[in-house]
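Novice: coords please:
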Amino acid sequence: MSEVIQLSVFIANEAGRVSEVTSALGEAGINIRGFSVSDSADYGILRLVVDKPAEAHEVLKSAGFTVKDTGVICIDLPDHPGGLAAVLRIVSEAGVNIEYVYSLIDTYVVLNVADVARAVALLKDRPVRLVSQEEIAAA
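Specialist: Reported below is the predicted structural model:
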């Protein structure tokens, strides 16, 4: 399966918290390939795709952060107008809910869907290239 591990780090909505996470990863030699931050009044969720997810999980856990691993899919989008729309349409028309989307390096985007295996199966024989964890590490 072409599943990529996303780390969700739960942080207080306070100045410097994102910097603490990214500094811990940088000091451990872990490269961030993409990220997204969402917040509320009191807390935030920093979602990360990194080159070494298991190691990053341990680094952040050891630093006192609450971390959750989630399987997501990463797609190398066709680089033309409507490329993203065409890929999203395949998944959504099949009734698989897309919970959020964010971009990574190049034209890679992460989709967190309700059913990763089904979405991968839907996209496997289409003109869509799924990106592996190894490719993210090597990029």
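Novice: which strand of this protein spans the most residues?
Specialist: Counting by DSSP state E, the longest strand found in the chain is strand 66-76.
Novice: which helices and strands does the worst-scoring helix or strand of the chain on mean pLDDT pack with?
Specialist: Least confident helix or strand of the chain, by mean pLDDT, DSSP states H and E, is strand 108-113 with a mean of 74. With contacts taken as 3 or more CB pairs under 8 Å, 6 or more residues apart in numbering; DSSP states H and E, strand 108-113 sits against strand 4-12, strand 32-39, strand 66-76, helix 83-93, strand 98-103. Backbone N, C-alpha and C define where each C-beta goes, glycine included.
Novice: With only the CA atoms kept, save the last one in PDB.
Specialist: Taking C-alpha atoms only, strand 98-103 is exported to PDB below (Å, rounded to 0.1, in the frame of the first residue of the first chain):
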ATOM      1  CA  ILE A  98     -11.700  14.100   2.000                       C
ATOM      2  CA  GLU A  99     -11.200  15.500   5.500                       C
ATOM      3  CA  TYR A 100      -8.400  17.900   4.600                       C
ATOM      4  CA  VAL A 101      -5.700  18.500   2.000                       C
ATOM      5  CA  TYR A 102      -2.300  20.300   2.200                       C
ATOM      6  CA  SER A 103       0.700  20.500  -0.100                       C
END
